[in-house]
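K.L.:
Kindly generate the corresponding structure for this input.
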Amino acid sequence: MYRTRVGVDLAKEVTAKNNYSWDEGTWPDYQEVSNDAFIIAVDFGIKRNILRLLRKHAGKVMVVNAQISFDELMALNPDGVFLSRALRLCYQAYSTALTYQYANLWHLSWAPTPCIIRWL
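P.N.:
Here you go, the predicted structure:
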C-alpha cells in the first residue's frame, strides 16, 4: 500500500542533530582549499560529496540542523548559505510540513548573504 508524503516532514528525519564543521575535501588532497569563505550548509538531507566540493571550492563549511532560525543562521555570520534539497522537500510535502523554513527562505531571499538552493 502506498503511503503519502503529504504533510510529512522528511527533513526532521535526515537532518543533522547537532551543528558540525566539515573538514574533508576531495581526493587526492583532502586538505586542499581554494578559498577561505565561511559557508553554512543547512541540512535537509545533504550528500557528503557536496560537502567535500563545498570544502574544496568555498572554504570553511559548517553543517546545521534544518530547523535553524534565520536569526540563529545570521548570528553565525556566514559568507554564504547553502540549502540542500530544501525546495524539493517543500514541494514533496505540499507546503504543509516545512512551514518553519518558509520564513527562512523569504528572509534569505532579501538578505545580503549569498544563498544557493539545491533543487535535486
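K.L.:
what's the helix or strand for Val42?
P.N.:
Under DSSP states H and E, the secondary-structure element containing Val42 is strand 37-43.
K.L.:
so what does that strand touch, helix or strand wise?
P.N.:
Judged by 3 or more C-beta pairs under 8 Å, 6 or more residues apart in numbering; DSSP states H and E, strand 37-43 is in contact with helix 48-57, strand 59-65, strand 80-84. Where you see a C-beta, it was placed from the backbone N, CA and C, and this is true even at glycine.
K.L.:
cutoff 10 Å now
P.N.:
Secondary structure elements in contact with strand 37-43, counted by 3 or more C-beta pairs under 10 Å, 6 or more residues apart in numbering; DSSP states H and E, are helix 11-14, strand 20-22, helix 48-57, strand 59-65, helix 70-75, strand 80-84, helix 99-110, strand 115-118.
K.L.:
and among the ones you listed, the most buried is which?
P.N.:
Greatest average neighbour count among the helices and strands packed on strand 37-43 goes to strand 80-84 (a mean of 22), per mean count of other C-beta atoms under 10 Å.
K.L.:
now that strand against helix 48-57, angle please.
P.N.:
Here strand 80-84 points in a direction 170 degrees away from that of helix 48-57 (axes from the mean of the first three to the mean of the last three C-alpha atoms, to 10 degrees).
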